[in-house]
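Chemist: Coordinates for the following, if possible.
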Amino acid sequence: MWEPTYLDRVEGGVDPEAAFTAAYESARVLVSYGRDTQDPDVHARLMRLVETEGIEIVANLWAHTSAASLPGALWRLYVVREWIVRSDAEVARLYNRGLEASEVNHAVAGVPPLHGPDEVRATIDQIFGGVFTGDIDVAFDRSAALIRVVLAGADDRTEGIDRDKLETTASDLELAAHRHRAGVLLQGEES
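Modeler: As a prediction, this is how the structure comes out:
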């Protein structure tokens, strides 16, 4: 048995409840701040949080939370946006290839006709902006639909596409949209 004085000096891990509370509160504050202003510059800064603060900061706060939580869904949306910004030409190419196989998802995603990298980047920014200016569930559903069209355009030989991760991300975003419509996403509950 260890002496109590030794146990007092041993550092413990992060309290999971405190970590979730910090993640949820930071996500709630971010969304509230964005919704409380009509300033497009503020919305643009919030969307570029990963670019300005670094993905590690956001990951440390939100990446380990459930997809069924506000921070978990926001984390997934930031990752999708970052992926599209970094791979815009490839995402646009795959999106165009996937249109016929996934017409319904194309309609939900809302990418305009003649979609190249610029249109795909503009669409993900418009979708993401919906978190602050529109309905959060619609933003999550549109992101999931965009991913599904890209997946329809990819095949097993497509490099840089992890089909399982993208499918999981799309399903996670749809779950978050469902939870928002049920009135529980913004309440900090994970179950």
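Chemist: Quick check: mean pLDDT of the strand or helix carrying Asp164?
Modeler: Per DSSP states H and E: Asp164 is located in helix 163-181. The average pLDDT within helix 163-181 is 94.
Chemist: Now do it: which elements does it pack against?
Modeler: helix 70-86, helix 136-153 (3 or more C-beta pairs under 8 Å, 6 or more residues apart in numbering; DSSP states H and E). (C-beta placed from N, C-alpha, C; glycine too.)
Chemist: List the buried residues of the shortest one.
Modeler: Of the residues in helix 70-86, those buried under the neighbour-count criterion (16 or more other C-beta atoms under 10 Å) are 70-85.
Chemist: Show me what it is packed up against.
Modeler: helix 16-35, helix 49-53, helix 55-62, helix 117-133, helix 136-153, helix 163-181.
Chemist: okay, these in TSV with mean neighbour count and distance to Glu103 next?
Modeler: Shown next, in TSV, are these (neighbours: other C-beta atoms under 10 Å; distance: least, C-beta to C-beta, whole Å):
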stretch	mean neighbour count	distance to Glu103
helix 16-35	15	31
helix 49-53	13	31
helix 55-62	16	33
helix 117-133	19	16
helix 136-153	24	9
helix 163-181	18	16
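Chemist: In terms of mean pLDDT, which of the ones you listed ranks lowest?
Modeler: Among the helices and strands packed on helix 70-86, helix 49-53 scores lowest, at a mean of 72.
Chemist: and that helix, what does it pack onto?
Modeler: Partner elements for helix 49-53 (3+ C-beta pairs under 8 Å, 6+ apart): helix 70-86.
Chemist: Mind listing residues that contact the helix it packs on?
Modeler: The contact list for helix 70-86, computed with C-beta atoms under 8 Å, 6 or more residues apart in numbering, reads 23-24, 26-28, 30-31, 47, 49-50, 55, 58-59, 61-63, 65-67, 91, 120-121, 124-125, 128, 131, 139-140, 143, 146-147, 169, 172-173, 176, 185-186, 188.
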